[in-house]
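Undergrad: next comes the sequence, and after it the predicted model I'd like to discuss.
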2 protein chains.
Amino acid sequence: MTELPLDQVRTLLAVVDEGTFDAAAAALHVTPSAVSQRVKALEQRTGRVLLMRTKPVRPTESGQVVVRFARQLTTLERDAQRELGLAARPHGTRLPIAVNADSLATWFLPALTRVPQSPPICFDLHREDEAHTAALLREGKVMAAVTSSAEPVVGCTVRPLGLARYLPVASPRFAAHHLSNGPLERCLPDAPVILFDRRDELQDRFVRSLTPDGSGAGRLRHHVPTSEGFCDAVAAGLGWGLVPEPQAEPLLQSGALTQLSPGRPVDVPLYWQQWKLDVPALELVAKTIAAAAAESLHTPD
Amino acid sequence: MTELPLDQVRTLLAVVDEGTFDAAAAALHVTPSAVSQRVKALEQRTGRVLLMRTKPVRPTESGQVVVRFARQLTTLERDAQRELGLAARPHGTRLPIAVNADSLATWFLPALTRVPQSPPICFDLHREDEAHTAALLREGKVMAAVTSSAEPVVGCTVRPLGLARYLPVASPRFAAHHLSNGPLERCLPDAPVILFDRRDELQDRFVRSLTPDGSGAGRLRHHVPTSEGFCDAVAAGLGWGLVPEPQAEPLLQSGALTQLSPGRPVDVPLYWQQWKLDVPALELVAKTIAAAAAESLHTPD
């Protein structure tokens, strides 16, 4: 491998993290033209285009390799500095981790707060759909991820966390109005439904599993892209939806929600993927997360 | 203006909404090559590149104009169909709206559920930083937005909603450990802090307003990119942070949080921006939101 000048590598990382050349310049305390020159020099040296000049900039596939290298480098360097007592001020090891919104809203954050904070660890959480966290790992944006993909990303290890359980629910008033004129498989495809966002396929998959002709959920679709907002919207009667069990339970008990198909939950397997990198802070977090997941998630039969 | 063939315009919109040519083809029930041909034909006719072929694709500046036109067209057409009784199945008027996470977690969703649902309205909510919702309006991705920008986006009207109030808070244990060895302006810059994400400048601005030398918040920074997660992380003692008043209040009363600087809240003005477009559903939502904001937000002195 051609030698990669570390100032150039670090500059590339800053541009990707900050999103623009100007912001990277401010973060590095250099001029924007110095940033631009370093990135160009690195592109000439590697003979590859490393950045797409979009807004925000995005690394190309080759750029992603350099970014991942840069992040691993920074982490190892900081660990070494701290062990040598060279860190001027406590920085904390920065751990960028991708987590899906529902895990973040239920079991993940209480688990993180259990991680001992000495030496300090800075959690840099990225909220991302569990089906798309693998991309962030591949791009080098995060060092670890809660993902629904069992297939390890190149350079990563994977371990199963358990099953996240979703319950099909609606408000009792909604159910009486929209779902009482026939069997569920006939009413549900026409009833208003809440989706998290455009990439949320859970509701469609559930309806398809009920109907023999395999049609999806209805055309009256609301998108509510926060985990708590999703649950609130279902409880308010805007539509039916699949709500994480820990959020649904108290509302089922209070009568604010009713189950549409008791005993037929939807289970989504979750995995922990992380870079193969000997960073004590990462290992500590991985262990704490796995233990918390074992308590909070369901185990496969 | 050269005439824009409507099937091509709609195809462009589908590609932008679905993110890829393949997904747009599936949504339109045509082949991917038909999608690609239509987009190319539209680019030749307008003499402009309309799409950046990234993943997901993004409209260029010219493309954004066409997308906005396409979305306005679709909305008007659907309204006309419904008035003429031509809608085969109730589709509902689709209203894409951008909202910042804190509004979504506090006053916005209860307001939306007050909007009468006959004829049905589908809420397509996009969660976006209040400082960046203007971009979604400009790109034609949303028809309306809760934003911190008073400057109307081209083709939009703007009305003030009120002030969202944030309180600087921490857990009592955190305050005793990190903030009791001197005056706040000296302790706060060194204490661990929670930010929503990289674009969250609220905490830095608050610290700068306290310190005479204008330095920002500390270097031990956690990023917790959900509104409820942010509040939970502060309550769990991971760091201090600026929490929306409605979320902070109950925790201050129960003693789970303590105010760092009573009587010095941070107020962020919020505005409603929407396309100048005569759509009854949009007007209905705008009125309901404005009324709810007047109840929930603070009024400027």
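TA: Perfect, thanks for sending it.
Undergrad: where does residue A:207 fall, helix, sheet strand or coil?
TA: Judged by DSSP: H, G, I helix; E, B strand; the rest coil, the three-state class of residue A:207 is helix.
Undergrad: for it, give me its contacts.
TA: A:188-189, A:215-217 (CB atoms under 8 Å, 6 or more residues apart in numbering or on different chains). Yep, even glycine has a C-beta here, placed from its N, CA and C like the rest.
Undergrad: run the last query once more with 6 Å
TA: Residue A:207 is in contact with A:188-189, A:216-217, counting by CB atoms under 6 Å, 6 or more residues apart in numbering or on different chains.
Undergrad: point out the residues in the stretch 201-301 of chain A that sit beside chain B.
TA: A:219-226, A:228-229, A:232, A:236 (CB under 6 Å from any CB of the partner chain).
Undergrad: again, but for the stretch 51-200 of chain A
TA: The stretch 51-200 of chain A has residues A:91-92, A:104, A:109, A:113, A:120, A:122-125, A:127 near chain B, with proximity defined as CB under 6 Å from any CB.
Undergrad: circling back: pull the most distant pair out of the residues of the stretch 201-301 of chain A next to chain B.
TA: Largest separation among those by CB to CB: A:219 and A:228, giving 25.6 Å.
Undergrad: send me the helix or strand harbouring residue A:78 as CSV with only the CA atoms.
TA: Under the assignment given by DSSP states H and E, the secondary-structure element containing residue A:78 is helix A:61-83. As requested, the backbone C-alpha atoms of helix A:61-83 are provided in CSV (Å, rounded to 0.1, in the frame of the first residue of the first chain):
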residue,chain,number,x,y,z
GLU,A,61,-16.2,3.5,-2.1
SER,A,62,-12.5,4.1,-2.1
GLY,A,63,-13.1,7.1,0.2
GLN,A,64,-15.0,4.8,2.6
VAL,A,65,-11.9,2.6,3.0
VAL,A,66,-9.7,5.6,3.9
VAL,A,67,-12.4,6.9,6.3
ARG,A,68,-12.6,3.6,8.1
PHE,A,69,-8.8,3.5,8.3
ALA,A,70,-8.7,7.1,9.7
ARG,A,71,-11.3,6.3,12.3
GLN,A,72,-9.5,3.2,13.5
LEU,A,73,-6.3,5.2,13.6
THR,A,74,-7.7,8.0,15.7
THR,A,75,-9.2,5.6,18.2
LEU,A,76,-6.0,3.6,18.6
GLU,A,77,-3.9,6.7,18.8
ARG,A,78,-6.2,8.2,21.6
ASP,A,79,-6.0,4.9,23.5
ALA,A,80,-2.2,4.9,23.3
GLN,A,81,-2.1,8.6,24.4
ARG,A,82,-4.2,8.0,27.4
GLU,A,83,-2.2,4.9,28.4
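Undergrad: which helices and strands does that helix pack with?
TA: Taking 3 or more CB pairs under 6 Å, 6 or more residues apart in numbering or on different chains; DSSP states H and E as the contact definition, the neighbouring helices and strands of helix A:61-83 are helix A:6-18.
Undergrad: is the helix it packs on anywhere near chain B?
TA: No. Remark: helix A:6-18 sits outside contact range of chain B, by CB under 6 Å from any CB, the gap being at least 7.4 Å.
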